[in-house]
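> quick one: sequence plus predicted model below, questions after.
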Amino acid sequence: MLDLIILSLHYFICFLISIAIWCGSKDADSHSSSTGGAEMEQDGLIFIGKEEDIKKTQRITAKINGREIVVFYHKGKFHALDSRCYHEGGPLYRGEIEDIDGQSCIVCPWHKFKITLETGEGLYEGINPLEPSPTPKWQSKGVKQRIHKVTIDNGNVYVSPPDLSVSFDSDYYADKYKNGGELAMGK
């Protein structure tokens, strides 16, 4: 009898989760801007949120033409980049920020890949086997993550739309998670 009750409870919880997913927002997650979507301004910039609000929360997610981005406020500066990691699409908006070799980096919560907030470079710790006593040093994998230019004007935070004529490794997951697809934020 107890097994039947536990099994029924399990199915009921699964049912509630599926309803929550089905009814969930396709535009943004709980960190998202209150605009629900990006608003285009006259000069081509896209309004993300109020400067003070983002400073309080330290991060906010938004969509630019369906593309998920995350804006971080860290050490007095705003940084914007694609919200999904170039490696396997991990949710960077859930990652921790660490100082690595003098650079502020977001650490992907899935596989601990480290990405500089300033340039989008992927970092790894490696050695030069040709050195007499090789010691690990932080090195660049190259720019992997698309970053977005942030502009502050009258207490508002804006992001420039991405230049898609240049490709980045993170573009694959930005496209895969675009427009509330099956892999949308938080899903």
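Done, it's in. Computed from a predicted structure; not experimentally measured. Numbers count the residues shown, from 1 in each chain.
> how many residues are close by the closest residue to residue 157 other than its chain neighbours?
Spatial nearest neighbour of residue 157, chain neighbours left out: residue 48 (4.7 Å); criterion: C-beta to C-beta, 6 or more residues apart in numbering. For glycine as for every other residue, the C-beta is placed from the backbone atoms N, C-alpha and C. Residue 48 has 29 neighbours, counted by other C-beta atoms under 10 Å.
> also residue 2?
Residue 2 is flanked by 6 other residues according to other C-beta under 10 Å.
> residue 13 versus that one, what's the distance?
For residue 2, the distance to residue 13 (C-beta to C-beta, to the nearest Å) stands at 17 Å.
> which element is the residue nearest to residue 157 on?
strand 46-50 (DSSP states H and E).
> for this structure, which spans come out with low pLDDT?
3-4, 7-12, 14-42, 179-187 (pLDDT under 70).
> where do the helices sit along it?
Along the chain, the segments classed as helices by DSSP state H run 2-23, 51-57, 171-176.
> strands of this structure, start to end?
Here the chain has its strands, by DSSP state E, at 39-40, 46-50, 59-64, 67-74, 77-82, 96-100, 103-107, 114-116, 121-126, 137-143, 147-148, 150-153, 156-159.
> hmm, residue 62 and the residue nearest to residue 157 touching each other?
Yes. With contact defined as C-beta atoms under 8 Å, residue 48 counts as touching residue 62 (5.0 Å).
> cheers, nothing more for now.
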